[in-house]
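J.: Need a 3D model of the following:
(2 chains)
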Amino acid sequence: MSYSPEHVAFREEVREWIQAAMPEHLRAKAEVDAAFAHADVMEWHRILAAKGWAAPHWPVEHGGTGWDTTRRFIFNEELELAGAPPLSPFGLNMVGPLLIQFANDWQKQRFLPKILAGEEVWCQGYSEPNAGSDLASLQLRADTAADGGFVLNGQKTWTTYAQYAHWIFLLARTDPNVKKQQGISFLLCDMRTPGVTVKPFLTTGGTPAFCETWFENVSVPRENLVGELNQGWTYAKALLGHERTLVSGVGISARTLLRTKRIARDKLVDGRPLLEDPTFRAKIARVEIELEALRMVVYRTVAAAQLGHAPGAESSILKLRGTEIQQACFDLAMEVMGHDSLSWFNRDGVVSAREQSVASSFNYIRAATIYAGSNEIQKNIIAKYILGLPG
Amino acid sequence: MDFELSADEKLLVETVQSFTKKDSPVERFRRLRGTELGWERATWKQMGELGWLGVSFPESAGGAGLGFVAAGLVLEQLGATLVPEPFLSSVVLAGTPLAAAGTPEQHERFLAPLIAGDTALALAHVEAQSRHDSASVSTRATRAGAAWRLTGRKRWVLDGHGADHLLVSARTGGSERERDGVSLFVVDAAQPGVRLERVDCMDGHKAALVELDGVEVDATRLVGPEGGGAAILDLALDHAAAGACAEGAGLLARALDMTREYLMQRKQFGAAIGSFQALQHRAVDMFVEVELCKSAALLAMIKVSDPSGAERMRAVSAAKAQLARGGAFVVRQATQLHGGIGVTDEHDIGLYFKRHQVLAALFGDFEHHVARYASLPSFDAHV
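T.: As a prediction, the model looks like this:
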């Protein structure tokens, strides 16, 4: 918990590098917490990749950095503090670790380098119109073709950023005649294959994020089957473990609190900055304290993982409480803005640049307690598997 | 960064665990709460012999030098079965300032017998007007030749009724709420002019009202610099707050366990009530708060020894606020899910509820720590 001189020097190195490496137009956005476009995110991804820092958590042989836990925290803290664009998680944090764990050598060599380099963008094909919380009831069919490959027919939904994706990793039904969890396979599909159609939804945040994706006689070669046929559910469950620390969104929340304080500094109430008001400070402090406790849970989870231990029971709360805190942070930001919180994508100057995207995020962040296994599903899982309560 | 316990720490936890299981289950606390002392000197001695009482004090002060985390681990285990011996009040709250600011001679005279389990120590710092302000001291210490003469009234001296020595805050200069001018003195509980009245606390523990009427102590009883006691008291209170968080973490985890067991065993409508989703989700909400309390407590236990006062206060205030707010949710829901039996004195869950309430109120309550957290420089960092 205390930093050695090497760690202090490492922090300095990271900070200086970020300052030098972040292009001016990204820095300008970061300074006012403006929303990053997809192109911004990928540009930053490629800059990190060129430095070898795109996936510090991957094994060294696949392009990870080999840093200890402390260095990884320092790195994340510095990125967060600089307001750097958060990288897309689908490749680096979701399918990447899954491939490292379950894929064959050909698949690893084909896909991992391009994920790392930011050359291929991924999206996730899990949910379907009739398979949300009850994911295992999914119906996207993958029939075996004459050449041993698959033919996909059906629909996925909530395929976030599918409009930018080159590849989708998905769960498909390969055997309809067995228990629903046992007939599912994990497939990788090129989004540019004929028969794939993507239609983005406009979210309540006023921007497109998640999509509907249709598959009509889409061919997927056999070599894109990950692991064994009909074992996809097992792999997907393992992936959920990777997702946990990620979806706590501690970085997003910390950044949002800082942004809220900056807005509060610039808002005058009775001629004084709102940030000086003790009642308001206490209000922010309550959320920040919870976030600090949650950050410590993240530390413990990652430290245990680094030592090769299975995630402890504490890691199961990360998604649940982390997403509630993310929402609480945006609630505070909206409250600080007062009347300016009404503003919806107006020209610059109607509200300050820092405030421009708050209302959009405030709306979109409602998704956080729904995606990656709704919080109610999280509670069912904890009740059953951790508290051991009867089903 | 790693949160693995060392071999020494693991052994310590196991030893305390086996003690609480075999020698001090909740029934023992239940039995002792009705007695004059509320705890047992023989057990205290046993704890001393096992090395628990000096576990966190530096070797220079006669301790084992394992750091505060070790004391926290002991407290977490003691909290699980509500062990009544005055570890938090005597070792942490009163022992910390003595270890930190005492002379080698004072360590020898007052800390060594405490570490051995031969004596108990209590901190007398609360006054009617002081609330959470360590500098709000009206008890006076005036010079009488080479000696000091103490006069004033102290309240809620935790476990003061069984203490052999009292560490008393008294004003040697300055006005009533000034930080400068607060000094600390060791007073013998039995010496002339000290009047102790035992009072009961809500949680079954005891405290003392202390009246000092011209109590005379010589210069060797002054702990730390004359007039510089407020900072030492703050250090002691932060250690005690971190200790309360550790004890609270153990207590809350056990309260959750008891609730979980009850949900599985109690049947209504032909099923274990733990099979009802509404109650399952409530139990999960409790679990979340318990985990946050544990993590925040661990951070406070680590950071309380940080040389930077701001780092220490930040972690301690966060943990104490979490204990108060999150912990309150846990014990309230624990009572609720037990139903009517949870509001009877017969059932143990009420004892956990009460102890939590006391820990939440001591050493700075929720509002105090939230306000302090928000006043630290870190709150405005990078804004």
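
J.: at contact distance from chain B, anything in stretch A:26-41?
T.: No: between stretch A:26-41 and chain B, judged by CB under 8 Å from any CB of the partner chain, nothing touches; the nearest distance is 11.8 Å. C-betas here are computed from N, CA, C, even on glycine.

J.: Could you list the buried residues of that stretch?
T.: Neighbour counts over stretch A:26-41 (16 or more other CB atoms under 10 Å in any protein chain shown) mark A:Leu26, A:Lys29, A:Ala30, A:Asp33, A:Ala34, A:Phe36, A:Asp40, A:Val41 as buried.

J.: pLDDT averaged over that stretch, what's the number?
T.: Averaged across stretch A:26-41, pLDDT comes to 93.

J.: Show me the contact partners of it.
T.: Residues lying outside stretch A:26-41 but in contact with it, judged by CB atoms under 8 Å, 6 or more residues apart in numbering or on different chains, are A:22, A:25, A:43-44, A:82-88, A:161, A:164, A:207, A:255, A:259, A:262, A:352-354, A:356-357, A:360-361.

J.: circling back: ok, the buried residues of stretch A:26-41 vs B:Arg155, which is closest?
T.: B:Arg155 lies nearest to A:Asp33 out of the buried residues of stretch A:26-41, by CB to CB, at 49.4 Å.

J.: circling back: now the buried residues of stretch A:26-41 as a markdown table including secondary structure and distance to B:Phe68?
T.: Output for the buried residues of stretch A:26-41, formatted as a markdown table (DSSP: H, G, I helix; E, B strand; the rest coil; distance: CB to CB, whole Å):
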| residue | secondary structure | distance to B:Phe68 |
| --- | --- | --- |
| A:Leu26 | helix | 43 |
| A:Lys29 | helix | 44 |
| A:Ala30 | helix | 39 |
| A:Asp33 | coil | 38 |
| A:Ala34 | coil | 44 |
| A:Phe36 | coil | 43 |
| A:Asp40 | helix | 45 |
| A:Val41 | helix | 43 |
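
J.: Pull the most distant pair out of these.
T.: Using CB to CB, the buried residues of stretch A:26-41 reach their maximum pairwise distance at A:Asp33 and A:Val41, which is 14.9 Å.

J.: could you list every residue that touches B:His338?
T.: With the criterion set at CB under 8 Å, 6+ apart, B:His338 makes contact with B:Thr259, B:Tyr262, B:His347, B:Ile349.

J.: residues near A:Gly227, how many?
T.: The local packing count at A:Gly227 equals 18, with neighbours defined by other CB atoms under 10 Å in any protein chain shown.

J.: Likewise for the one 10 residues further on?
T.: By the measure other CB under 10 Å, the count of residues near A:Lys237 is 12.

J.: Repeat that for the one 10 residues further on.
T.: Other residues within reach of A:Val247 by the criterion other CB under 10 Å amount to 22.

J.: So it sits against A:Ile325, correct?
T.: No: in this structure A:Val247 lies outside contact range of A:Ile325 using CB atoms under 8 Å: 11.6 Å.

J.: which SS state does A:Cys189 fall under?
T.: Here A:Cys189 takes the strand state, with states given by DSSP: H, G, I helix; E, B strand; the rest coil.

J.: which residues touch it?
T.: Under the contact definition (CB under 8 Å, 6+ apart), the residues listed for A:Cys189 are A:Gly125, A:Leu152, A:Trp167, A:Ile168, A:Phe169, A:Leu170, A:Val196, A:Phe215, A:Val218, A:Val220, A:Asn224.

J.: Ignoring the adjacent residues along the chain, who's closest to the fourth one?
T.: Going back to what we said before, that points to A:Ile168. Counting by CB to CB, 6 or more residues apart in numbering or on different chains, A:Gly125 is the residue found nearest to A:Ile168 once chain neighbours are left out, at 4.7 Å.

J.: And the residue nearest the centre of chain A, how far from chain B?
T.: Ranked by distance to the mean C-alpha position of chain A (CA atoms, centre = their mean), the top residue is A:Pro89 at 4.5 Å. According to CB to the nearest CB, to the nearest Å, A:Pro89 stands 23 Å off from chain B.

J.: per-residue confidence at that residue?
T.: 91.

J.: From chain A, how far out is the residue sitting nearest the centre point of chain B?
T.: Nearest to the mean C-alpha position of chain B, counting by CA atoms, centre = their mean, stands B:Leu88 at 3.6 Å. Distance from B:Leu88 to chain A, counting by CB to the nearest CB: 21 Å.

J.: Isn't A:Gln139 up against A:Leu152?
T.: No: with contact defined as CB under 8 Å, A:Gln139 does not reach A:Leu152; the gap is 11.4 Å.

J.: what number of residues lie near B:Glu105?
T.: Counted with other CB under 10 Å, the burial measure for B:Glu105 works out to 9 neighbours.

J.: Give me the below-cutoff pLDDT ranges for the chain.
T.: No chain was given, so I picked chain A. Judged against pLDDT under 70, the low-scoring parts of chain A cover residues A:1-2, A:240-246, A:306, A:310-312.

J.: if you could check chain B rather than the one you did, that'd help
T.: Short version for chain B, where the test is pLDDT under 70: B:1-2.

J.: Domain-wise, how is it divided?
T.: Domains of chain B are assigned by automatic domain parsing as B:7-120, B:123-227, B:231-380.

J.: Chain A now?
T.: Domains of chain A are assigned by automatic domain parsing as A:5-87, A:121-230, A:248-386.

J.: Let me have these in a markdown table, extended by distance to B:Arg372.
T.: Below are these laid out as a markdown table (distance: least, CB to CB, whole Å):
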| stretch | distance to B:Arg372 |
| --- | --- |
| domain A:5-87 | 24 |
| domain A:121-230 | 36 |
| domain A:248-386 | 9 |
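
J.: Relative to B:Glu291, which of these is closest?
T.: Go through the domains of chain A one by one with CB to CB and the one that ends up closest to B:Glu291 is domain A:248-386, at 4.5 Å.

J.: if you look at that closest one, does any of it touch chain B?
T.: Yes: contact of domain A:248-386 with chain B is found when judged by CB under 8 Å from any CB, involving A:258, A:261-262, A:265, A:275, A:278, A:281-282, A:284-286, A:288-290, A:292-294, A:296-297, A:299-300, A:303-304, A:306-307, A:313-314, A:317, A:320-321, A:376, A:378-380, A:382-383, A:386.

J.: All good on my end, thank you.
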